[in-house]
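Enquirer: need a 3D model of the following:
(2 chains)
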Amino acid sequence: MSRRFAPPQLLLSLLLTATASLSTSRSQAEDQSLVPPPAAELMRPAERAKAPQSLHPPVILKDKTGARVAVSGQPLSPTQTCGSCHDLDFIVEHGFHFKPRPATESTGSEPRPPGEEPNPLYSGNGEPNCVYCHIRGVDPERVRGAIAEGQAELSATVLLEPLGFGRRTAAGWVWNAERFDAEGRADANFFRVAPPNSAVCGSCHGMAQPGAPKLSDYLERRGSTVTTGQIFSPLRISDSRLNVAGREGLGRPWDVHAERLLECRDCHAPPNAPATSIPLLGNPTLASLRSEVRHSSYGEFLRRPSHDFMRGSDHSSATAQSSPLVRCENCHEARSSHHFLPRLEQHLSRLSCESCHVGRVRAPARAVDDNTMPSALGQPRLEYRGVEGELTDPAAYIGGYRPVLLTRAEPSGKLRLFPSNLLTRFYWTVQGERGREAAPDELLARAFFEGGAHRPELIAALDRNHDGRVEASELELDSAQKVDTARGLLLEAGGRSPVIVGEIRAYPLHHSVAPARFAVRDCNECHGARSWPSAPVELARFAPYGVTPRFARGDERDSGVLLARTGNGRILLSPDPTALGLHILGTSRSTWLDFSGGALALLVLAGAAVHGGLRIRAARHQSKGAKP
Amino acid sequence: MSRVYVYTAYERMWHWLQAISILLLSFTGFEIHAPERLHLFGFALATRLHETLALVTVGNAILALFYHLTTGAIRKFVPARGDIFNLAYQQVSYYLFGIFRNEPHPLARGPSARLNVLQQLTYLAILNLLLPVQILSGVVLWQAHRLERVLSEVGGLRTVAAIHVGAAWLFVSFLILHVYLTTTGPTPTAHLKSMISGHEEQPVER
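Expert: Have a look, this model is predicted:
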């Protein structure tokens, strides 16, 4: 029997085919490695898809008398509705969102105008507004509208209008019976009870929605996006519609935690939730424990969920000091991933994680809020850092900014550097019944405006180009005469001893965290003559005449800065790390010591050179004398 | 001229290791101190090198101390009593005047007499004062996060860093002077060669 072999051509074609498929798969594999991972929004359930029903049992909506709203037609009462199962007294008692905040307090949100502002989460008839946070699909802006129209009792009810539960009419609120069953229970397909998502938190605290951030959001939104520029979004900066400098190279999410599908509540969790691990970091009496291991039962938690959510370490609010702190160290172990860093322990003990992992902020932040001379529309003069152009211009160039590194005391008492944006406010204060207080808007309006325009005395004082009106660029009290004119008008309007105050408030950054490869890695950023911690910062392009701002009460621990006012009213701030007990290698130096040491070394070198030169000369003389 | 064995192998090894370490410590230290003025290793590598070299220097110094104590070689660093000022005066006169007149060196060098009194005093100060101060201040800077109580007693990191930098400048000045003074032998390279080979050419006394 003769063996049959495949013809050579067949073997050759098989070999070529195998080679081609191998190279294709290899190139495909290589191509696969170059393909970035799918964007976070692709991993979320599509909004268009029907959302799964909540685990929450159907809810009977009740009014303040306890009657079913489907029957009574009265506004919704969260106390009667949610209070049937949940201990609202406990929730309000253990919820800083339901406490009134003084006007001078900073909570990380936009600085509020003088005086208190109604709290959308606790207004109306003194009830917590559970609907605002816990019902999906509501429109938070409707609450502010209702409050502004003096209908605070509808705070919870109006939120349900987009879900088709009713509408506001001239006669008042009208419920939609189709959204209720025969027993008055709300249709669970629309009344979806759920933990709050980031978009809800962002309605007050800043941009935290999955959609693309827009500059117009700065004009509409409050919160930490305005005061710091931080954005909690999973989208890549390079994919955004903002004109960010170097956008092409910024293939990183606005915030890496948002990209990893974390919600605000994942970190800012209720401290008594069974799944929450409360860290005991820095607690000197419990140094052997990493976290609190005692937890409420699920039933107890559902009945009495604490709303004193875990917060960052920066807040000065007395109301927040009862809540545990949440820090990066709760989840991240820096020591296992920062071996590249020399003197790791020193870095970790002096620098917050945010210092390197927030670094440069790629969005604008408010720098100045000058209400000493409002515009004809009653608006203060605003300055933003990190942007060239108006916020209303979508093409405004966003260069971003480098926040200031300021020390903040941690619970253990140690000082660490945190990146912060400094917002400087200038405003009039008057002597009030309770002491010196910010001048109310109505006093400013009475003093400065007449018939919807600035008073003639002000126009005469401020109108530099003599066009008969005060333009935005002229709203600057840059001389003693202008200040005196404004002061005189305030006195005439009834203000007692009006004085301009300049107040600096530091807003620390904890979000807009960059992925590791975008973190600050260049040692020269901090170690060198142009060190970041000691780099001067322009606080304000212009400050009213004779006013040098000071840090607000509660921020005095961020002292160790030098404030300087230039001749044209520019305010510069120069941090002084040495005054804070920080010694930064390569930056903190003693000029006289270096000068003296260098002079000594040069002197020795010069002496050696002269001595050596004389020896050479002497040797030559001696050798000439020795020659016959 | 005769060849005299003046430096043992260990002494030479110790000397050159110390010299290279201190030289590199100076460069890396300067780069850490003023990174915008010197770019040799990069700040991070300069820091790591500086710490490593410091450990080498300390280890070398400890072993050398052990050697000198156990062999009695430490005696050559101790000036003879009673003659210090005279010998110092003679040595200074030699450097200021005699060296230009080709006068003989006041010290008759040999295996047991290798250091003039100025050298003895200088090395005593450096090895027993400057080097320990430099090492201690460096350790405090290195472990500042663990030694906060110590730091608070001595005026903080600012003070310790100033001591460390000041001592570094003194070391640099000494280095310049030391290298220059090695050229004051019978020939400019005589002392250098002897520190390499261990032998020194000395005139034979008739």
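Enquirer: if you skip the residues just before and after it, what's nearest to residue 184?
Expert: No chain in the question, so chain A it is. residue A:68 (3.5 Å; CB to CB, 6 or more residues apart in numbering or on different chains). (C-beta placed from N, C-alpha, C; glycine too.)
Enquirer: can you look at chain B instead?
Expert: For residue B:184, the spatially nearest residue (CB to CB, 6+ apart) is residue B:99, at 6.3 Å.
Enquirer: give the contact list for that neighbour.
Expert: Each residue near residue B:99 by CB atoms under 8 Å, 6 or more residues apart in numbering or on different chains is listed here: A:615, A:618, B:184.
Enquirer: could you rerun that using 10 Å?
Expert: A:611, A:614, A:615, A:618, A:619, B:93, B:105, B:184 (CB atoms under 10 Å, 6 or more residues apart in numbering or on different chains).
Enquirer: out of those, grab the one that's most surrounded.
Expert: residue A:611 (18 neighbours; other CB atoms under 10 Å in any protein chain shown).
Enquirer: distance from the one helix or strand it maps to to the middle of the chain?
Expert: Taking DSSP states H and E as the definition, one finds residue A:611 inside helix A:591-626. Counting by CA atoms, centre = their mean, to the nearest Å, helix A:591-626 is centred 61 Å from the centre of its parent chain.
Enquirer: what's the answer for stretch A:574-583, then?
Expert: Distance, centroid of stretch A:574-583 to centroid of chain: 25 Å (CA atoms, centre = their mean).
Enquirer: span of that stretch from start to end?
Expert: Stretch A:574-583 has an end-to-end distance of 16 Å (criterion: CA to CA, to the nearest Å).
Enquirer: next helix or strand past the top strand by length along chain A?
Expert: Counting by DSSP state E, the longest strand found in chain A is strand A:415-432. Heading C-terminal from strand A:415-432, the first helix or strand you meet, by DSSP H and E, is strand A:435-438.
Enquirer: for chain B, what is the nearest residue in chain A?
Expert: In chain A, the residue that lies nearest chain B is residue A:597 (2.7 Å; CB to the nearest CB).
Enquirer: how about that residue, nearest residue that isn't a chain neighbour?
Expert: residue B:169 (2.7 Å).
Enquirer: helices of chain B, residue ranges please.
Expert: Secondary structure of chain B (DSSP state H): helices at B:9-33, B:43-71, B:84-96, B:117-125, B:131-142, B:148-154, B:156-181, B:190-197.
Enquirer: which strands or helices does the last one pack on?
Expert: Using 3 or more CB pairs under 10 Å, 6 or more residues apart in numbering or on different chains; DSSP states H and E as the contact criterion, the elements in contact with helix B:190-197 are strand B:2-5, helix B:9-33, strand B:199-202.
Enquirer: of all those, which lies closest to residue B:85?
Expert: strand B:199-202 (26.6 Å; CB to CB).
Enquirer: what's near enough to touch the residue nearest to residue A:184?
Expert: Applying CB under 10 Å, 6+ apart, the residues near residue A:68 are A:60, A:61, A:62, A:74, A:80, A:81, A:175, A:180, A:183, A:184, A:185.
Enquirer: for residue A:590, same thing?
Expert: A:578, A:596, A:597, B:158, B:161, B:162, B:165, B:166.
Enquirer: same thing but at 7 Å, please
Expert: residue B:162 (CB atoms under 7 Å, 6 or more residues apart in numbering or on different chains).
Enquirer: I'd like the distance between it and residue A:533.
Expert: Separation of residue A:590 from residue A:533 (CB to CB, to the nearest Å): 17 Å.
Enquirer: how about the residues of chain B by chain A?
Expert: B:32-36, B:43-44, B:47-48, B:99-100, B:102, B:144-145, B:156-158, B:161-162, B:165-166, B:169, B:172-173, B:176-177, B:180 (CB under 7 Å from any CB of the partner chain).
Enquirer: in chain B, what residue lies closest to chain A?
Expert: residue B:169 (2.7 Å).
Enquirer: tally of neighbours for that residue?
Expert: Using other CB under 10 Å: residue B:169 sits among 18 other residues.
Enquirer: hang on, it packs against residue A:601?
Expert: Yes - between residue B:169 and residue A:601 there is a contact at 6.3 Å, judged by CB atoms under 7 Å.
Enquirer: what's the lowest-pLDDT member of the contacts of residue B:99?
Expert: pLDDT across the contacts of residue B:99 is lowest for residue B:105, at 81.
Enquirer: for that one, what are its contacts?
Expert: Residue B:105 touches residue B:94, counting by CB under 7 Å, 6+ apart.
Enquirer: distance check, it against residue A:545.
Expert: 76 Å.
Enquirer: ok so, going back, against which helices or strands is the helix holding residue A:611 packed?
Expert: helix B:156-181 (3 or more CB pairs under 7 Å, 6 or more residues apart in numbering or on different chains; DSSP states H and E).
Enquirer: without its sequence neighbours, what residue ends up closest to residue B:38?
Expert: residue B:31 (4.5 Å).
Enquirer: which residues touch the helix or strand where residue A:226 lies?
Expert: Secondary structure assigned from DSSP H and E places residue A:226 in helix A:224-228. Helix A:224-228 is contacted from outside by A:108-110, A:205-207, A:217-218, A:230-231, A:361, A:365-366, A:421, A:423, A:507, A:509, using CB under 7 Å, 6+ apart.
Enquirer: restricting to C-alpha, output that helix in PDB.
Expert: What follows is helix A:224-228, C-alpha atoms only, in PDB (Å, rounded to 0.1, in the frame of the first residue of the first chain):
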ATOM      1  CA  SER A 224     -19.600  72.500  45.500                       C
ATOM      2  CA  THR A 225     -19.300  72.600  41.700                       C
ATOM      3  CA  VAL A 226     -19.700  76.400  41.900                       C
ATOM      4  CA  THR A 227     -17.400  76.700  45.000                       C
ATOM      5  CA  THR A 228     -14.700  74.300  43.900                       C
END
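Enquirer: and that helix, what's its mean pLDDT?
Expert: 89.
Enquirer: quick one: that helix to chain centroid distance?
Expert: Averaging C-alpha positions (CA atoms, centre = their mean) puts helix A:224-228 5 Å from its chain's average.
Enquirer: beta partners of residue A:365?
Expert: residue A:385 (DSSP bridges).
Enquirer: need the pLDDT of residue 15.
Expert: Reading this off chain A. For residue A:15, the model assigns a pLDDT of 70.
Enquirer: that's the wrong chain, I wanted chain B
Expert: At residue B:15, pLDDT is 94.
Enquirer: packing partners for the helix or strand encompassing residue A:564?
Expert: Secondary structure assigned from DSSP H and E places residue A:564 in strand A:561-565. If contacts are counted by 3+ CB pairs under 7 Å, 6+ apart, strand A:561-565 sits against strand A:571-575.
Enquirer: buried ones in the strand it packs on?
Expert: A:571, A:573, A:575 (16 or more other CB atoms under 10 Å in any protein chain shown).
Enquirer: distance of the second one from residue A:421?
Expert: Distance from residue A:573 to residue A:421, counting by CB to CB: 12 Å.
Enquirer: could you report the neighbour count for residue A:187?
Expert: Neighbour tally, residue A:187, other CB under 10 Å: 17.
Enquirer: and the closest residue to residue B:147 other than its chain neighbours, what is it in contact with?
Expert: Of all residues beyond its chain neighbours, the one nearest residue B:147 is residue B:140 (5.5 Å), with distances taken as CB to CB, 6+ apart. Residue B:140 makes contacts with B:147, B:150, B:151, B:160, as judged by CB under 7 Å, 6+ apart.
Enquirer: also residue A:134?
Expert: Neighbours of residue A:134 in contact, by CB under 7 Å, 6+ apart: A:193, A:194, A:196.
Enquirer: now with 8 Å, please.
Expert: Per CB under 8 Å, 6+ apart, neighbours of residue A:134: A:193, A:194, A:195, A:196.
Enquirer: what pairs with the residue nearest to residue A:184 across the strands?
Expert: residue A:62.
Enquirer: any chance of a markdown table for the buried residues of strand A:571-575, columns pLDDT and distance to chain B?
Expert: Listed next are those as a markdown table, based on pLDDT from 0 to 100; distance: CB to the nearest CB, whole Å:
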| residue | pLDDT | distance to chain B |
| --- | --- | --- |
| A:571 | 90 | 27 |
| A:573 | 89 | 22 |
| A:575 | 85 | 16 |
